[in-house]
Structure formats: structure tokens, C-alpha cells
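Q: Whatever this is, show me its structure:
(one chain, ligands or ions: 1)
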Amino acid sequence: MPIRADSRLHTVPLRHVLGGLRAGGPLALMERTGRQAQGALTRLDLGTFRPFLVTHPDHLRHVLRDRADNYRRGTAMWKAMGRLTGLGIAGEGPRWRASRDLWCKGLSGGAHAHADGTAGSAEDAVAELERRVAGGATVDALAEMTHVVLRVVNPAFFGSRIPQHRCDRLAAAVAVAFDSLLWRMALPFVPLAVPVPGDRAFGRATRTVNEILLPLIRRARYERPTGPDLMSVLLAGADADGRALSDEQVAQDVVALFVAGSESSALTLTWAWVALAAHPDLAAELRAEADAVLCGGSVRPEHARRLVVTRRFLAEVCRLYAMAWAVPRTTAAEDVIDGVTVPAGATLVLSPYLTHRLPQFWERPLRFDPGRFAAERVRGRHPLAYLPFGDGPHQCVGQAFFFQQAALVVAAMISRFDFAVPGRPEPRAAVALRPRGRVDLVLTPRR
Ligand code: HEM
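A: Numbering: from 1, shown residues only. Presented below is the predicted three-dimensional model:
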């Protein structure tokens, strides 16, 4: 598959796409394509559907920053997801802008406004886990991380007004709905009116979500909330026309919270244990830091800032296990990217997962090395070579919140448990980057 001499476009013909899919699935195909294209703009031939794969930091800057207005969330995946998450924060235009402003307000100082509640919840969740595995036990890493994350986000997202068991049910329904969009993502040319696998599960999960959320929102609205949690901010906020958000709009933004905030955090924390188990020296370093900062006590909000090694480690987890492995966009009008014409209506798949593996920007890219995030090494790097949280107008609003909470969770756990992850869990490409199969986490409380 040579780069064509007459253009900078790298093309992958249908037979290679099909062969690659058969041989190793979508992620292996992407990895192979990324290695061969080496950052060149790439067109995948899937018959009538020919998406462009964008990985080079210069091209990403063009799409996400310089011409962001021309690259929209119009793809079928966004449209399908819009049935669940609405056109607020997950959409575009004035409604998105109004929602984003509210979200930024709600999360501003994710490190401050919610800090006490979330640190306390992290501590409680880890202490509860310690009681459960008192004599040592093997747990499902993703299930446990989801459990911990949901407790941590409940005060910040909902002012703890959702009882925990309902929060768990809501998260499970949202996860089903989100995952059942994979076919819509893979078959973007199929109209929504034509059923595809996953549609039924999506419909059932959406009904569960509404049954849980709408009564809760009505009650919360009646109480005229003024708290700093995101749900209160949304209820007190206004849309682009200055009108209060409807119950449905608040429900949709709350669902978007789960999609954007909790699953991504739980998945990334799951990969964190996989990476730590594979690098015992690093685990020892993180534990030494946690012991020094926590001094045998509980995690407190102010610890997050001092967990420097832990935060670098998390940044490296986000590089090699970029949860948002593929971020789709659609071109509004024809454009030229680095000499290649991209027609109007084309689908672009931006892949942080592949960008983070480009050897031109990352020395020995597959090596797990948190030292890459030491300030002096970050300075010399292309600013768009690292984008696990996206970039441009839609860049993640929860990045600071994630690092704060995740650092506290890792410190609380590593100071309490010895741990191991048997086998070598590998990622697979679902809508998010998920583990292939269950990840076992063997936990033994430290004496
Ligand atoms: C490891 C954790 C996380 C990762 C990897 C991640 C990744 C991303 C990415 C790649 C985007 C850009 C999507 C696009 O360009 O279309 C994004 C957007 C977003 N994220 Fe995150 N995220 C994480 C955690 C969170 C958390 C904890 C929250 C909320 C508290 C959050 C809220 C959002 C929101 C609201 C958006 C949409 C912003 C907009 O469209 O204006 N994320 N995230």
C-alpha cells in the first residue's frame, strides 16, 4: 500500500480493508494503516463509503482549530447519539454553545467547587472495596472502576440527589445505549429509518434512562436548586434564547454527562491498572508517592496537586489507551487538507489513538513512559501530537476534573492494596476503546 506519488493521499483499497478486518478487527486494521500511512491523510475504501483518516498533528490543527467551522459533528454516529444526548452539549450551534457555557460553569474548578464531596466519595468507595476484599479477591476491574467513578461523580454531577443504586442503573442503561451505536458508527450511510443491530437495545436503554431521570428532574426543578453541581447549574441555566432548559434538555445533557464523563473515566482507570501491573517499578514509584502524600490517611482534595508522578502516569495511560480512539467529523464544504481535496459531505475519522503512536512525534511510541510528560519534554512537542481530550471548540470540558479525581482514586487504591492483573488484556475498538473481555484485578489489602 504505497503512498501515491501524485498526491499526499494514502489509500487503502477495499480488499485490504476487508482482509485487515478479517485478520484482526477494526483496531488492528487501524494500527496497520496508521503505521503504513505515517501521518499521511488516508482514505479507506469501504465500497460506497470512503472515510478519511486524519492523524497528522498539522492536519488535526486544520480540522479542529483553523477550519473547525467546516468540520461538523454531522456524522451518523453523532446523529444516532443525538437521539439520546440531544442537541445540547453533544450538538452544535447556539444550543451547544449555551450548554457548553453551562457545563464550563458547572465544572469550573472541577478542582474546587466539588472537591470535598468527590474526594470524600473516592475515599468511601475505596474503603468499601477494601472491606469487600478483606482477605484478597479477584474483581472485575472495569465493574469496580465504574462503581468507584459513579460514587465520585454523584456529588459533582447530581449534588448526590440520585440514590446510588439508581445512579448505577442509569449508568448501566447509558452504557448499553452508547455501545449499541457501534453499528450506526460502522454503517453511517444507512438512514436512521432503516433498522440495524443494536437499535432495539438502544430503544430499551433510552426508555430506562427517561424513567429514571425525568421524575428526578421534575422534583429537582420544583426545589429550585442553587448548588454547584452540574444538574443544579443546568436547571438554573438558560438556552441560547434565554429560556430555561426544558426537562428533556436537562435529561439529555445529564445523559451526555454519563457518556462523556463517567464511562471514559472508568475505562481509563481500568487501563491504568493494566499498565501498572505490567510495570512494577512504576507501581512502586506511584505507591511511594501516595504514601508520602497521604501519610497513611484519607485522600483529600489538596493531595491531587501533589500527586505529580501519578498525574504523569495518567497522562501516559491516556496516550496509549486513548479512550476516544476515533472522533468523527463531516465536511460542510469542500476543502483542501495538505494538498488533498476533501469533498463536501465527506466523513473524517480523527484518531488520537493513531496520532499518539506516530514515531515522528513520539520516540519509541509503544513504550510506556510517563517521563514524556515532564514539563521539559512536553515543551518541544507539537501541540496537537497529544489529544486524548480532543482539541478546538469541542475540546473536553472535563479534563481537569478527570485528572483530579483519577489521581485521588489511584492514590487511595495503591496505598491500600497490593494488586496484579493476570494475562495481557488487549484493547478492542467499540465506540470507546474497551478491553477485549473481562480484566481481572487481584486485590490484596496491604497490612
Ligand atoms: C479519560 C477521560 C476523558 C476522555 C479521554 C475524554 C475525551 C473527550 C474527547 C476526545 C472529547 C472531544 C470530542 C469531540 O471533539 O467531538 C471530549 C469532549 C467532552 N468531554 Fe470528555 N473526556 C474525558 C472525561 C470527561 C469528563 C470527566 C467529563 C465531565 C465531567 C467530560 C465531558 C466532556 C464534554 C461535555 C465534552 C463535549 C464538549 C463539547 O462538545 O463542547 N469528559 N471528551
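Q: So the residue positioned nearest the centre of the chain versus the ligand, what's the distance?
A: The centroid of the chain falls nearest to S264 when counting by CA atoms, centre = their mean (3.6 Å). Computed with CB to the nearest ligand atom, to the nearest Å, the distance linking S264 and the ligand is 4 Å. Where you see a C-beta, it was placed from the backbone N, CA and C, and this is true even at glycine.
Q: Ramachandran coordinates for V317?
A: phi -60, psi -40 (degrees, to the nearest 10).
Q: need the residues of the stretch 151-300 of the chain near the ligand, please.
A: A260, G261, S264, S265, T268 (CB under 6 Å from any ligand atom).
Q: Assign a three-state SS to the fourth one, would you?
A: Using DSSP: H, G, I helix; E, B strand; the rest coil, the three-state assignment for S265 comes out as helix.
Q: quick one: contacts for the closest residue in space to it that isn't next to it in sequence?
A: Distances taken as CB to CB, 6 or more residues apart in numbering place V149 nearest to S265, at 4.8 Å, with adjacent residues excluded. Contact analysis of V149 by CB atoms under 8 Å, 6 or more residues apart in numbering lists S262, S265, A266, L269, Q405, V409.
Q: In terms of helices and strands, where is the fifth one?
A: Put plainly, it is Q405. helix 399-416 (DSSP states H and E).
Q: Could you pull up the mean pLDDT of that helix?
A: Here helix 399-416 scores 94 as its mean pLDDT.
Q: For that helix, buried residues please.
A: Judged by neighbour count (16 or more other CB atoms under 10 Å), helix 399-416 contains these buried residues: 400-416.
Q: what's the answer for stretch 350-357, then?
A: L350, S351, P352, Y353, L354, T355, H356, R357.
Q: I figured the fifth one hits M30, correct?
A: Yes - between L354 and M30 there is a contact at 6.2 Å, judged by CB atoms under 8 Å.
Q: any residues in contact with both of those two?
A: L53.
Q: and V442, helix, strand or coil?
A: Following three-state DSSP, V442 is assigned to strand.
Q: how many neighbours does it have?
A: Residues lying near V442 (other CB atoms under 10 Å) number 17.
Q: Equivalent analysis for the one 4 residues further on, please.
A: For R446, the neighbour count with other CB under 10 Å is 12.
Q: residues touching A412, list them.
A: A412 touches A122, E123, V126, A290, L294, S298, V299, counting by CB under 8 Å, 6+ apart.
Q: What of A430?
A: Counted by CB under 8 Å, 6+ apart, A430 has contacts D179, L182.
Q: Pop out the phi and psi values for it.
A: phi -100, psi -160.
Q: just R428 next, same as before
A: Given degrees, to the nearest 10, the pair of backbone angles that R428 has is phi -130, psi 150.
Q: give me the number of residues near the residue of the stretch 101-250 of the chain found nearest the ligand?
A: Residue of the stretch 101-250 of the chain nearest the ligand, by CB to the nearest ligand atom: W103 (5.2 Å). Counted by other CB under 10 Å, the residues lying close to W103 total 23.
Q: What distance do you get for the closest residue to it other than its chain neighbours to R100?
A: Leaving aside its chain neighbours, W103 sits nearest to V397 (5.0 Å; criterion: CB to CB, 6+ apart). V397 sits 7 Å away from R100, going by CB to CB, to the nearest Å.
Q: the more surrounded of these two?
A: V397 (19 against 16).
Q: Make sure that one is actually in contact with K105.
A: No - the criterion here is CB under 8 Å, and V397 misses it with K105 at 10.0 Å.
Q: Could I get the contacting residues of whichever residue of the chain sits closest to the ligand?
A: Residue nearest to the ligand within the chain: G398 (2.1 Å; CB to the nearest ligand atom). G398 is in contact with L107, G110, A260, G261, F389, counting by CB under 8 Å, 6+ apart.
Q: Helices along the stretch 201-350 of the chain, start to end?
A: Ranges of helices in the stretch 201-350 of the chain, per DSSP state H, counting those that start in this stretch, are 230-236, 247-257, 263-278, 280-294, 303-306, 308-320.
Q: nearest spatial neighbour of A346, skipping sequence neighbours?
A: T331 (4.8 Å).
Q: Next: A315.
A: Nearest non-adjacent residue to A315 (CB to CB, 6+ apart): F373, at 4.3 Å.
Q: My guess is the one you found contacts V317. True?
A: No - between F373 and V317 there is no contact under CB under 8 Å: 10.6 Å.
Q: Which one's more surrounded, those two?
A: Using other CB under 10 Å, the more surrounded residue of F373 and V317 is V317, with 25 against 20.
Q: residues contacting that one?
A: Per CB under 8 Å, 6+ apart, neighbours of V317: T268, W271, A272, A275.
Q: Hmm, A322 and the second one touching each other?
A: No - with contact taken as CB under 8 Å, W271 and A322 are classed as non-touching, separated by 9.7 Å.
Q: quick one: contacts of stretch 226-237?
A: 98, 102-103, 105-107, 113-114, 155-161, 217, 220-221, 224-225, 244-245, 249-250, 253-254, 257.
Q: go on, stretch 415-426?
A: Taking CB under 8 Å, 6+ apart as the rule, stretch 415-426 contacts 126, 130, 133, 141, 273-274, 276-278, 283, 287, 290-291, 294, 296, 413, 435-437, 439-446.
Q: so what's R434 closest to, chain neighbours aside?
A: R428 (5.7 Å).
Q: Hmm, the one you found is touching G25, no?
A: Yes - when contacts are counted by CB under 8 Å, R428 is listed as touching G25 (6.6 Å).
Q: helix or strand for the residue of the stretch 101-250 of the chain closest to the ligand, which one?
A: helix 93-107.
Q: ok, now how distant is the residue nearest to the centre of the chain from A432?
A: Distance from S264 to A432, by CB to CB: 7 Å.
Q: Next, count neighbours for M185.
A: 21.
Q: what residues are up against L433?
A: Taking CB under 8 Å, 6+ apart as the test, what L433 contacts is L27, L267, Y321, A322, M323, A324, W325, Y353, P427.
Q: and if you look at A80?
A: L181, R184, M185, L192, F202.
Q: mind running it again at 10 Å?
A: With contact set as CB atoms under 10 Å, 6 or more residues apart in numbering, A80 has these partners: 177, 180-181, 183-185, 188, 190, 192, 196, 198-199, 202.
Q: What's the local residue count around the residue nearest to A346?
A: 21.
Q: Can you name the residues bridging to it?
A: The partner list for T331 in beta bridges (DSSP bridges) reads Y71.
Q: Quickly note the distance from it to V12.
A: 19 Å.
Q: for A430, same thing?
A: For A430 relative to V12 (CB to CB), the value is 21 Å.
Q: returning to that earlier point: just the closest of the contacts of A80 to F361, please.
A: M185 (26.6 Å; CB to CB).
Q: May I see the buried residues of stretch 295-304?
A: Across stretch 295-304, burial judged by 16+ other CB under 10 Å covers S298, V299, P301, H303, A304.
Q: how about it as CSV, C-alpha atoms only?
A: Extracted in CSV, the C-alpha atoms of stretch 295-304 (Å, rounded to 0.1, in the frame of the first residue of the first chain):
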residue,chain,number,x,y,z
CYS,A,295,0.8,9.8,55.1
GLY,A,296,-1.4,6.8,55.8
GLY,A,297,-4.5,8.9,55.9
SER,A,298,-7.5,9.5,53.7
VAL,A,299,-7.3,11.3,50.3
ARG,A,300,-8.1,15.0,50.5
PRO,A,301,-8.7,17.4,47.6
GLU,A,302,-5.4,19.2,48.0
HIS,A,303,-3.5,16.0,47.6
ALA,A,304,-4.3,15.9,43.9
